[in-house]
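Novice: Model the following, please.
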Amino acid sequence: MEMKGISRIDSNHTHGWFVRVFLNAQTHSKMFSDGVHGGQDKALKAAIKYKDEYERKHPPSYAATRMRLQPMKNNTSGVVGVSETFSRSRNGNILPCFNVSWRPRPNVSRSKSFFLSKYGSREAAFEAAIKFRREREAEIIAGIES
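Specialist: Numbers count the residues shown, from 1 in each chain. Okay, here's the model as predicted:
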């Protein structure tokens, strides 16, 4: 039984299964209460049926399942897969950088850091990170289309 996107919620006055489906940078959710559906098992069956039907009616593109097409709400760089962060050197110094993340294959995550000190400025490191991310996206799309 596939449970991805289905969570159990048991709190003070809420008992049921919560369905979350991500599509085109949006979250669609629905609650399946034990009381409304006649018990925990029946609510779970209803949640699974709903999720399966929703995904059948709204299938994601294959490219979207391998990489985000739009930035998440908490993305501050404005570029999918690029985040401004920092790393620490061996002696504990903070090293500002941009981090690029991507998934070259299903279930495989990779990342690479672009340190501001190496590129001489924040803007140069950001541009290098964006260029690198675009190259990885092109590789992923080429692999999907071949």
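Novice: What score does the residue lying farthest from the centre of the chain have for pLDDT?
Specialist: The C-alpha centroid of the chain is most remote from G38, which lies 33.6 Å away (CA atoms, centre = their mean). We have a pLDDT of 95 for G38.
Novice: Can you give the contact residues for the longest helix anywhere in the chain?
Specialist: In the chain, ranked by residue count with DSSP state H as the criterion, the top helix is helix 122-145. By CB atoms under 8 Å, 6 or more residues apart in numbering, the list of residues contacting helix 122-145 from outside reads 62-63, 66-67, 77, 79-82, 84, 96-100, 102-104, 110, 112, 114-116, 118-119. Where you see a C-beta, it was placed from the backbone N, CA and C, and this is true even at glycine.
Novice: Show me how to select, in PyMOL, the buried members of those.
Specialist: Entered in PyMOL, the line below selects the buried ones among these, by 16 or more other CB atoms under 10 Å:
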select buried, resi 66+67+77+79+80+81+82+84+97+98+99+100+102+103+114+116+119
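Novice: Looking at the contacts of helix 122-145, which are in strands?
Specialist: With DSSP state E as the criterion, strands contain 82, 84, 96-100, 102-104, 110, 112, 114-115 from among those.
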